[in-house]
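A.B. asks: sequence plus predicted model, see below.
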Amino acid sequence: MPTVTLNKNVFEKLVGKKLPLDKLKDRISMLGTDLEKIEGNEIQVEIFPNRPDMLSEQGFARAFSSFIGVKTGLRKYDIKKSGQRVIVEKGMEKIRPYTVCAIVRNLKFDDEKIREVIQVQEKLHTTFCRNRKKAAIGIYPLENIKLPIYFKAMKPKEIKFRPLEASKEMTGLQVLSQHPAGRDYAHLVEGLNKFAVFIDSDNKIMSLTPIINSHLTGKINEKTTDIFIEFSGFDLEYQKIGLNILAALFADMGGKVESMDIVYENKTITTPNLTPTKMKVDVNYVNQKIGLELKEKDMKKHLEKMGYGYESGNVLVPAYRADVMHAIDVAEDIAIAFGFENFEEEIPKVSTIAEGDKFEAFKSRVANILVGLGLIETCSYHLINKDDQIKKMNAKIECVNLSNPTTEEYNTLRSWMLPCLMNVFKHNKHYEYPQKIYDIGVVFKKGGNAESNVEEFTRLGVASSHQTIDYTEIKQILDYLLRMLNLEFKIIDYEHPSFIQGRVGRVIVNGKKVAIIGEMHPQVLENFELDMPVSAFELNLSELFKLVDME
Amino acid sequence: MDIKKVIEGLHPLERQVLPILVKHDSLNKIIEKTKLPLAGVMRAFQWLENKEIVKIEEDAREVLQLDKTGKEAASKGLPEKRFIQAIKDKAMNLDEIAKKAKLQRDEVNACIGILKRKVAIDIKRDGKEMIISITEHGKKLLNKESLEELFLKRLLSEEINLEELKDEEKFVLDNFKKRKEFVIIQKVRTFRAKLTKLGEKVAKSGIDNIKVVDRLTPEMLKTGKWKGKTFRRYDVKINVPQISGGKRHFVNQAIEYAQRIWLDMGFKEMTGPMLTTSFWNFDALFTAQDHPVRELQDTYYIKDPEKGNLPNKKLVEQVKAVHENGGTTGSRGWRYNWNKEDAKRNVLRTHTTCLSAKTLAELKESEMPAKFFSVGKCFRNETLDWSHLFEFNQTEGIVIDENANLKHLMGYLREFAKKMGFPKVRFRPAYFPYTEPSLEGDVYDPVHEKWIEFIAAGIFRPEVVKPLLGRDVPVLAWGPGLDRMITSAYKIKDIRDLYRNDLKQLKEMKAWMRL
């Protein structure tokens, strides 16, 4: 989850109140953010991904100040029309259809603020912009830009500029292969024959978006007072919210925000627009969802603590809120304002009838029978190494592979239980014998009728290992188990390379093949580095369950 | 102390040993008199001491014993004796002496030194050769047992305590020590059992007067001979060798307990596959297709079959609509083009909430209100270390009830936490894509004196419920991980120890003790 680092002094000034440490910690977490740490003058807070507007000192302080009751209610932002234009040229539809832009003047930058701007841009890029996939932000000093600005598509070869942190001019293609930012984000323009650029009226390339800005327009520095901001991407409404987040932030920083006219082929829009959106929210709806009995005026008070406005049945949602898509989102904020610690919990008297899953109960019954024979239950992962379940078992079976295993040690889903038991023996080879174990678990097989095209069965593996283990002993266990389940079975001769030839059988119940039983092949034992013989059986409990007479 | 009770508690071995102790106290004597093996007497000593009938005194002594050549000398005679025996009638050279006396050459040489000192032989040189003859004094010695020989005889018949040696014997011992492999000095521990006052009373009172029965036999039961008999009293405090039996895996014991909690609260169990399409794991739960949780570094995807099938068209269309524009829910949705193919991709479920989604899709209006739970394994792409597993246990609960609200959600969670052994709970606002309001519950761990994150919960968003259920009914939902609670209950520090399958650990692990 993204974190935001706050300067405690700046934060307290923005909030307008100093809180003792305990209270501060408590309030931060009850706002629905998570305090990571406070160290000296530095506060680190984790922000849930639904609140990108809180990913800056200004944004977080704004929300916090309302929440603790210092500056509540909807913030008013005055935006002056600059009349300046950004012209979106034809051909952008398929490349990067939208941009929204703003100018902010009268800013005073120092080291602290520059750090803050870099931080918020980076945080928004990774979260709200999904690593620039969904949107990208550009912030430029205005002084080197000649307005109006053009947003246009150019062939990579024709794009020539000196990117930030580069010593020489590069073409679009060179940026992708040679510049660090180019290499990191090249995949975002893969397959495009033209790239999106911002270019000013002097024909200076300002940036190759969403990758890198030009050196010529440069970075914000301590002398910068006026800036140009652009937000570009694929969804106009999304871009607008992103720009609003930044506009509110710079306004809170003391800047004067001016709108720009974005001229599309068939329309012109003026951005940013910080007018709140209206959402109809009924107090009864809210009360029903959160279980309170608030009056309208209480609701209004709580809304104001969360930075909303309220006007006769309508909630005024700040234009920088990305997460409010339904009345339920407002209801949650009212619950947060009310305080999660203030709810009186209750368990309603609703009569329902409990019902355990029958197969779960069956598994438990089987386990109890085996435990009665002195067997120890083991529990292995569902993920297993492919060689362990095929090559080492001498077996030829198909298994379900992961496409992105964390390590090769666990690269497939298990197709059967016996390899898991063999691994248990391997890891306990220096422990006392006899070792008698079982494991009940799910195995995976391609095909079948499942929606995923992979069938899952629950299987029981039983294995015993000691000096004098033989077929008789393992068959006795199987025999006892099936007798206790009131099932008759027969065993037919079978060939299976994991077992010693002539000492392996198929177990049949009601004409269904439900298990395989035998003495493990010495080659298999050797593969698992064992010097003690093993006998085992593997029983399909899912299949068996269907055959059990539960009457 | 009741003497009668003491006597009734005497083991047959003790009964054999005790009378002898009145006259003798040494271990050897007792063995000799009782004809019991050493171990039997030692056990009797131990038990008697536990009952404060005797006091065991341990004595460590040094004892002299004959070694190899010493034993040979004891049976065949000392080498110097054999030497003068050989020459008693006739002077001989060294080879002849060695042959006749059956001595090694080095022994012969050693004897010459000793015999010269005792003036028992004469040595003459004949060219290079030494000719040795016996002296008169030597002849006297021949007929007399020397100190050495006397000592040797004693050694042969008994162990001699080093401390009890007389001065002349000490002198002889010094001589013996100079000989190769002649004597060894061994440390010996001996035990004496001295009767205590209680012991004397017990012995005096005549143990034979009180008869006890040792084992109750089928024979006695059949014949009724047990009647009127006194059974030997046992020391019930005694330590016994440990045994161990078959048992359920400790994690499964905990899981069964969690299942029972939900059943006790009137919930119905849901089960379902671990391998599922993204549709159920993500899309039906209103998790946008570009949400980071769907990325490869978080979720396991399946190589082959890469994709599964989607459920009925109507449901798919409705899910598509809520993602794109909120559908009929009144929401504005995530605003992107929802891709059917992404929804088909198979994953290992990342939460059991996918089961809740399926349950809602199948729920009939007539079955409401309803409460469901599940306990199951979930997966996340994670490297194993002391605090992370790629498989984890989650328990899931949903309550579908027209009148359900946030207060109820908190009520259910507190009850569950309490039953899991954590009475102190606090709730904080949180965020999940499929619930609103969302909350996180922390429980207080009194052992480590800190709050631990325990439960993620919320009320399903209308965008989740309406496509699945047909209308927006409040659905309370939660999915606490079980593993932290299990490790805390068993005091396990490294989470990998849950599935190490170490048989020693499994045998020794205590039973799940929340009841």
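C.D. replies: In hand now; what should we look at?

A.B. asks: okay, CA-based contacts and neighbour counts for the rest of this
C.D. replies: Fine.

A.B. asks: so where's chain A uncertain?
C.D. replies: Within chain A, the stretches with pLDDT under 70 are A:550-551.

A.B. asks: what separates stretch A:511-527 from the chain centre, distance-wise?
C.D. replies: Counting by Cα atoms, centre = their mean, to the nearest Å, stretch A:511-527 is centred 42 Å from the centre of its parent chain.

A.B. asks: okay, how far is it across stretch A:272-292, tip to tip?
C.D. replies: End-to-end distance for stretch A:272-292, by Cα to Cα, to the nearest Å: 37 Å.

A.B. asks: ok, it near chain B or not?
C.D. replies: Yes: Stretch A:272-292 is in contact with chain B by Cα under 8 Å from any Cα of the partner chain, via A:288, A:289, A:290, A:291.

A.B. asks: give me the phi and psi for the last one.
C.D. replies: Okay, so that is residue A:291. Dihedral pair for residue A:291: phi 80, psi 30, per degrees, to the nearest 10.

A.B. asks: what residues does the stretch 151-300 of chain B put near chain A?
C.D. replies: B:245-249, B:263-271, B:273, B:275-277, B:290, B:292, B:296, B:300.

A.B. asks: circling back to that earlier point, just the buried ones from the residues of stretch A:272-292 next to chain B?
C.D. replies: Buried members of the residues of stretch A:272-292 next to chain B, scored by 16 or more other Cα atoms under 10 Å in any protein chain shown, are A:288, A:289, A:290, A:291.

A.B. asks: which non-adjacent residue is nearest residue A:45?
C.D. replies: residue A:35 (4.5 Å; Cα to Cα, 6 or more residues apart in numbering or on different chains).

A.B. asks: check which helix or strand that neighbour maps to.
C.D. replies: Secondary structure assignment for residue A:35, by DSSP states H and E: strand A:34-39.

A.B. asks: which positions within that strand qualify as buried?
C.D. replies: In strand A:34-39, the ones that count as buried by 16+ other Cα under 10 Å are A:34, A:35, A:36.

A.B. asks: out of the residues you listed, who's nearest residue A:265?
C.D. replies: Proximity of the buried residues of strand A:34-39 to residue A:265 (Cα to Cα) peaks at residue A:34, which lies at 45.2 Å.

A.B. asks: burial of the spatially closest residue to that closest one that is not a sequence neighbour, as a residue count?
C.D. replies: Ranked by Cα to Cα, 6+ apart and with sequence neighbours excluded, the top spatial neighbour of residue A:34 is residue A:46, at 4.8 Å. Neighbours of residue A:46 under the rule other Cα atoms under 10 Å in any protein chain shown: 20.

A.B. asks: from residue A:360, how far off is residue A:46?
C.D. replies: 40 Å.

A.B. asks: and the residues of the stretch 151-300 of chain B next to chain A, which of them are buried?
C.D. replies: Burial by neighbour count, 16+ other Cα under 10 Å: within those this picks out B:246-249, B:263, B:265-271, B:273, B:275-277, B:300.

A.B. asks: restricted to helices, list those residues.
C.D. replies: Under the assignment DSSP state H, those contribute residue B:263 to helices.

A.B. asks: secondary structure class for residue A:315?
C.D. replies: strand (DSSP: H, G, I helix; E, B strand; the rest coil).

A.B. asks: quick one, what contacts residue 458?
C.D. replies: With no chain named, the answer covers chain A. A:440, A:441, A:442, A:443, A:540, A:541, A:542 (Cα atoms under 8 Å, 6 or more residues apart in numbering or on different chains).

A.B. asks: ah, no, chain B please
C.D. replies: Counting by Cα under 8 Å, 6+ apart, the residues that residue B:458 touches are B:406, B:409, B:435, B:436, B:437, B:438, B:439, B:476, B:477, B:478.

A.B. asks: intersect these with the contacts of chain A.
C.D. replies: B:406, B:409, B:436, B:437, B:438.

A.B. asks: need those in TSV (columns: neighbour count, secondary structure and pLDDT).
C.D. replies: Below are the ones next to chain A among the contacts of residue B:458 laid out as TSV (neighbours: other Cα atoms under 10 Å in any protein chain shown; DSSP: H, G, I helix; E, B strand; the rest coil; pLDDT from 0 to 100):
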residue	neighbour count	secondary structure	pLDDT
B:406	28	helix	95
B:409	26	helix	95
B:436	26	strand	94
B:437	28	strand	95
B:438	26	strand	96
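
A.B. asks: for residue A:215, which non-adjacent residue is spatially closest?
C.D. replies: Using Cα to Cα, 6+ apart, the closest residue to residue A:215 is residue A:164 (4.4 Å).

A.B. asks: and the stretch 401-550 of chain A, which of its residues are near chain B?
C.D. replies: Residues of the stretch 401-550 of chain A lying near chain B (Cα under 8 Å from any Cα): A:401-407, A:424, A:427-428, A:431, A:446, A:451-454, A:456.

A.B. asks: narrow those residues to those in strands?
C.D. replies: A:401, A:402, A:446, A:454, A:456 (DSSP state E).

A.B. asks: what bridges to the nearest residue to the first one once chain neighbours are set aside?
C.D. replies: With Cα to Cα, 6+ apart as the measure, residue A:412 is the residue that lies nearest to residue A:401, at 4.3 Å, once sequence neighbours are left out. For residue A:412, the beta-bridge partners are residue A:384, residue A:401 (DSSP bridges).

A.B. asks: which residues does residue A:412 contact?
C.D. replies: By Cα under 8 Å, 6+ apart, residue A:412 lies in contact with A:383, A:384, A:385, A:386, A:399, A:400, A:401, A:402, A:405.
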